[in-house]
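Chemist: Sharing a sequence plus its predicted fold:
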Amino acid sequence: MNPLAKLLEAALFAASRPLTLEELASLEPASGEAAVRAALDELCAAYAGDDHGVELVEIAQGWQFLTRREYAETIERAQFALRPRRLSPAALETLAIVAYRQPVGRLEVDEIRGVDSGAVIDKLVERGLIEIVTRGEGLGRPLLYGTTPQFLEILGLKDLEELPRLEELSVALRPPTPAEPE
Amino acid sequence: MTAPTAPEPQVPPSSVAVLQESAGFVVELEQFSGPLDLLLHLIREDEVDITDLPIAKIADQFLAVIHELGLDQAADYLEMAARLLRIKAQMLLPRRLGDDEWEDPRSELVRRLLEYQQIRELVAWLQRAAARRAEQFGRGYEQPQPDAPPAPLQIELNELLAAAERVITLIPEPMLHRVVPRPLDVEGATERILALLAEHEECGWSDVVGLRATIVEVLSAFIALLELAKRGSLTIRQPEPFAPMVIRRESPREVA
């Protein structure tokens, strides 16, 4: 294996979170990003086969070694690691709205959900799944929220582009209503 | 308000049980995450077209369910109930045929319902994605620290004594109060006198206090006698100065 690929392997093994391309490139600035990409490809290929219990996964705009799915139950039964607790429907509704409408304020989330979402939003901020990204215009300059890399990580997404497109959903957003008067 | 023909909306038994315990104030329901969720539930159950909502029927069902679940005190649900009733009323207003100006009063609600339904679909997608991600573990997994069993305590006697000393010095000096027993037993004496008079219509002082009365007993008996005389339960007479007094039973005076 190429020495740079081995270095990346060591760094990814040591890290407890996904490492981005920039972070990996900073290990050996002289190599250049293209070389890092090539090394990453080599590493991915090395772990893609059936020879390993872990695989290199592209996740949350970075790369991370994760155990293969088939071992999840055995590892969990032995309590070496446990699946994270599932999010409540209220939390998931709020996450979905923030993910698609970001940057979005609390009022808009309340309006779409039809219930007060302040407590849920605070909890999601606390868990690091959403964060305040800016302040909106208008009365009181409301706080606007957006999703974090942690959000992508718990869903196993590379980036927000992987979320389903709204037009792919079976429900159309707007019913065929008569055209609004100009 | 209630349409007699409307079928009973199905209420999940689990949520009813939860609600009956916390009657009066509902914080969270596992079944519905809000009024829109409840509306969608009713719509699905009735299998009606969401874009052509039978608003009167849905409004009645909505009111019945929030009443049954004790949600009729939750602001979010009440607001939706009010909105439904307003739309229902607007639908009843007469309108001319071919009126182009007429705007369906349901359209805003339908738009919100469809939008919410879309969110629910996204929620299902996110749930699947999170469940799939949870099948893989990364490195550096930190065990949630449950109540770890305490390590066996190893301690020298001197350390233990020093620790006890530190705790003891922190205890404030206790405030001591001397409790003085009430010396007179007027109630006891009163009972004794009344018992005595219940048997005899008349008795003397020596009958009341006995032969070897302490000063406390004498005082208690005397105060009791005066009190009973004042209440009119008995009369005290002394035929001549320094003669033994005669205590006589009297039925209490009627209070005017």
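Modeler: Okay, I see it. Numbers count the residues shown, from 1 in each chain, chains lettered A, B, ... in the order given.
Chemist: Domain map for chain A?
Modeler: For chain A, automatic domain parsing gives the domain ranges A:3-77, A:89-168.
Chemist: tell me the pLDDT at residue 101?
Modeler: Assuming you mean chain A. At A:R101, the model reports a pLDDT of 92.
Chemist: think we crossed wires, I meant chain B
Modeler: Per the predicted model, pLDDT is 71 at B:E101.
Chemist: Can you give me the separation between the residue nearest the centre of chain A and A:K158?
Modeler: The residue lying closest to the centre of chain A (C-alpha atoms, centre = their mean) is A:L152, at 0.5 Å. Applying C-beta to C-beta, to the nearest Å, the value for A:L152 to A:K158 is 7 Å. Every C-beta, even on glycine, is put in place using the N, C-alpha and C of the backbone.
Chemist: what touches both of these two?
Modeler: A:I59, A:A60, A:Q61 (C-beta atoms under 8 Å, 6 or more residues apart in numbering or on different chains).
Chemist: what number of residues lie near the last one?
Modeler: Other residues within reach of A:Q61, judged by other C-beta atoms under 10 Å in any protein chain shown, total 17.
Chemist: what's the distance between the closest residue to chain A within chain B and A:T134?
Modeler: The minimum distance from chain B to chain A, using C-beta to the nearest C-beta, falls at B:G140 (2.3 Å). Applying C-beta to C-beta, the value for B:G140 to A:T134 is 31 Å.
Chemist: who has more neighbours, those two?
Modeler: A:T134 (13 against 10).
Chemist: and that one, what element?
Modeler: strand A:130-135 (DSSP states H and E).
Chemist: A:L66 too?
Modeler: Here A:L66 is assigned to strand A:62-67, by DSSP H and E.
Chemist: What of B:I58?
Modeler: Using DSSP H and E, the element containing B:I58 is helix B:55-68.
Chemist: just checking, what's the longest helix in the chain?
Modeler: Going with chain A. In chain A, assigned by DSSP state H, the helix with the most residues is helix A:33-48.
Chemist: hm, I was asking about chain B
Modeler: For chain B, assigning by DSSP H, the longest helix comes out as helix B:107-133.
Chemist: Summarise which helices and strands it is packed against.
Modeler: Judged by 3 or more C-beta pairs under 8 Å, 6 or more residues apart in numbering or on different chains; DSSP states H and E, helix B:107-133 is in contact with helix A:89-101, helix A:106-113, helix A:149-155, helix B:35-46, helix B:75-92.
Chemist: Can I get the helix or strand containing A:I121 in PDB? Just the C-alpha atoms.
Modeler: Using DSSP H and E, A:I121 sits within helix A:118-126. Presented in PDB, the C-alpha positions along helix A:118-126 are these (Å, rounded to 0.1, in the frame of the first residue of the first chain):
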ATOM      1  CA  GLY A 118     -39.200  25.600  21.600                       C
ATOM      2  CA  ALA A 119     -38.400  22.800  24.000                       C
ATOM      3  CA  VAL A 120     -37.700  20.400  21.100                       C
ATOM      4  CA  ILE A 121     -35.400  22.900  19.400                       C
ATOM      5  CA  ASP A 122     -33.500  23.500  22.600                       C
ATOM      6  CA  LYS A 123     -33.000  19.700  23.000                       C
ATOM      7  CA  LEU A 124     -31.700  19.300  19.400                       C
ATOM      8  CA  VAL A 125     -29.300  22.200  19.900                       C
ATOM      9  CA  GLU A 126     -28.100  20.500  23.100                       C
END
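Chemist: What residues of that helix count as buried?
Modeler: Using 16 or more other C-beta atoms under 10 Å in any protein chain shown as the test for burial, helix A:118-126 gives A:V120, A:I121, A:K123, A:L124.
Chemist: who in the stretch 101-250 of chain B is up against chain A?
Modeler: Residues of the stretch 101-250 of chain B lying close to chain A (C-beta under 8 Å from any C-beta of the partner chain) are B:103-104, B:107, B:110-112, B:114-123, B:125-127, B:129-141, B:143-144.
Chemist: Give me the buried positions along the helix holding B:I58.
Modeler: B:I55, B:A56, B:K57, B:I58, B:A59, B:D60, B:Q61, B:F62, B:L63, B:A64, B:V65, B:I66.
Chemist: B:S251: what secondary structure?
Modeler: coil (DSSP: H, G, I helix; E, B strand; the rest coil).
Chemist: what about it, how many neighbours?
Modeler: 8.
Chemist: doesn't B:A198 fall inside a helix?
Modeler: Yes: counting by three-state DSSP, one finds B:A198 located in a helix.
Chemist: Pull the contacting residues for it.
Modeler: So B:A198 contacts B:R249 (C-beta under 8 Å, 6+ apart).
Chemist: next one: B:A224
Modeler: B:A224 neighbours (C-beta under 8 Å, 6+ apart): B:V186, B:E187, B:A189, B:T190, B:R192, B:I193.
Chemist: in chain A, what residue is nearest chain B?
Modeler: A:S16 (2.3 Å).
Chemist: pretty sure that residue contacts A:E153?
Modeler: No: taking C-beta atoms under 8 Å as the definition, A:S16 is not a contact partner of A:E153, at 11.4 Å.
Chemist: okay, the two: which has more neighbours?
Modeler: Neighbours around A:S16 and A:E153, counted as other C-beta under 10 Å, are more numerous at A:E153. The numbers are 20 against 10.
Chemist: circling back: so after the longest helix of chain A, what's the next helix or strand?
Modeler: strand A:54-59.
Chemist: in its sheet, what does that next one sit against?
Modeler: Here strand A:54-59 is paired, per DSSP bridges, with strand A:62-67 (antiparallel).
Chemist: which of the residues in the next helix or strand after the partner strand are buried?
Modeler: For strand A:62-67, the succeeding helix or strand toward the C-terminus, using DSSP H and E, is helix A:72-77. Using 16+ other C-beta under 10 Å as the test for burial, helix A:72-77 gives A:A72, A:I75.
Chemist: ends of stretch B:46-54, how far apart?
Modeler: Start and end residues of stretch B:46-54 are separated by 10 Å (C-alpha to C-alpha, to the nearest Å).
Chemist: So for it, what gets flagged as buried?
Modeler: Neighbour-count burial for stretch B:46-54 flags B:D46, B:I50, B:T51, B:L53, B:P54 (criterion: 16+ other C-beta under 10 Å).
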